[in-house]
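In: Predicted structure and sequence below. I'll ask about it afterward.
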Amino acid sequence: MNQSTTLVIIFLIALLTSAFLSRALIPIAHRYRLLDIPCSRKQHNGSIPLVGGISIFITTAVMLLGFISTEEGARLFVVASALMVFIGVLDDKHDLSVRLRIVAQLLVALIIVFGAETYITNLGNLVGLGDIKLGVWGIPFTLLAIMAAMNAYNMVDGIDGLLGGLSFISFAAIAFLGYAHGNDFVHTTSMVIAAALIPFIARNTSFPFKNVRKVFMGDAGSMFIGLAIVWLLTLLTQPSLQTNESTPVRPVIVLWFIAVPLMDMLAIMFRRTAKGQSPFKPDRNHLHHIFMRAGLTSREALLFILSIALIKALLGIALELFYVADWIVLGLYVSVFVFYCYLIKHAWKVVTWVKRRSKPETKVKD
């Protein structure tokens, strides 16, 4: 059996496993009241089972340990993920305090950094004067990166399909560059998580099946996604973590794969801090909320935001394949973030322009 056939089989097994779990866990969620109940910040119909993240995690753990790798790093990632999913389930059910969630996230990040010895030590040639090597400072930098990613993906989960769609784009991009740089482990693991996301997206959006029972990702899933992305990106970018067959991807490139969640988190935390509020205070001022208030439907906002994320991911891949200088890539990223902030501030103008362009012009008869 050649490698391509093996990858297809692994992808299909992950897809089917996730599909089975996403259905099988629904009655369990109802039995133990693991449900998302509508409130002032959560405007949806009925109580929705919060099992999407659990099914994705279990699928990933089974595939990772059963088909991909039994090395210590993979096992420790599963242990850390299991702890994070458990804390996420408690948060989904009991609404834990921000302080307790941060402590739990830090503990999980410590398992990855010290247990698996997986952390960021090289940021690449960001200013044109040679690689920036963090040394021991790479440990707190990685801890901060893991916690930032978990919170970024948690914050962006606001409308059906958004978290799943953004995550799928991120893992697909990681899988592509893993393949391009000969990193089979990152390539295969990213494919597995992407496959596990597909049944969740189908249930979460009721597309293409209209009558499926809806599920949500929950904090357990969003924090698992953030943890998995930083772990895989660290394995993909750090020279010291490469195998004999693989070459590292430049760290600045992978910022494009998580651009929308990261920019949304930074922008909203800046706005909250400027108002004298806690940066972790929940509200309805995220990217999708702003575009919907500007006149887009939830489905239109979803497609618009996913299009932005896909364009950014493809741009990041192109910048890597053409090996554009790191400092240019960083400057372009900062410029896009500034434009993003302008876009949010003038969202109603953007929506008006998009709708005007999408409507066919009517011709006046003589």
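Out: Here it is on my side, so go on. Quick caveat: nothing in here was measured; it's all calculated off a predicted structure.
In: you'd agree residue 197 is up against residue 168?
Out: Yes: between residue 197 and residue 168 there is a contact under CB atoms under 8 Å: 4.9 Å. Where you see a C-beta, it was placed from the backbone N, CA and C, and this is true even at glycine.
In: More neighbours: which of these two?
Out: Taking other CB atoms under 10 Å, residue 197 and residue 168 do not tie; residue 197 has more neighbours (31 against 22).
In: May I have the residues that are in contact with the most centrally placed residue in the chain?
Out: In the chain, the centroid-proximal residue (CA atoms, centre = their mean) is residue 167; its distance is 3.9 Å. When contacts are counted by CB atoms under 8 Å, 6 or more residues apart in numbering, residue 167 touches 153, 193, 197, 225, 229.
In: Please identify the helix or strand for it.
Out: For residue 167, the host element (DSSP states H and E) is helix 162-180.
In: Check which element follows that helix along the chain.
Out: helix 184-205.
In: sorry, back to before: and the residue nearest to the centre of the chain, how close does it get to residue 97?
Out: Residue 167 sits 26 Å away from residue 97, going by CB to CB, to the nearest Å.
In: Could you do residue 215 as well?
Out: According to CB to CB, residue 215 stands 26 Å off from residue 97.
In: more crowded one of those two?
Out: Set residue 215 next to residue 97 and count neighbours by other CB under 10 Å: residue 215 wins out with 26 against 11.
In: isn't there a helix covering that one?
Out: No: Residue 215 is assigned coil when assessed by DSSP: H, G, I helix; E, B strand; the rest coil, not a helix.
In: residues contacting it?
Out: Contacts of residue 215 (CB under 8 Å, 6+ apart): 22, 25-26, 29, 48-52, 55, 200, 203-204.
In: Emit the ChimeraX select command for whichever of those are buried.
Out: Selection of buried members from those for ChimeraX, criterion 16 or more other CB atoms under 10 Å:
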select :22,25,26,29,48,49,50,51,52,55,200,203,204
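In: Give me the subset of the contacts of residue 215 that lies in helices.
Out: Residues of the contacts of residue 215 located in helices (DSSP state H): 22, 25-26, 29, 52, 55, 200, 203-204.
In: which one among the residues you listed gets closest to residue 102?
Out: Checking the ones in helices among the contacts of residue 215 against residue 102 with CB to CB, the nearest one is residue 52 at 23.2 Å.
In: Against residue 245, how distant is the closest one?
Out: Taking CB to CB, one finds residue 52 at 34 Å from residue 245.
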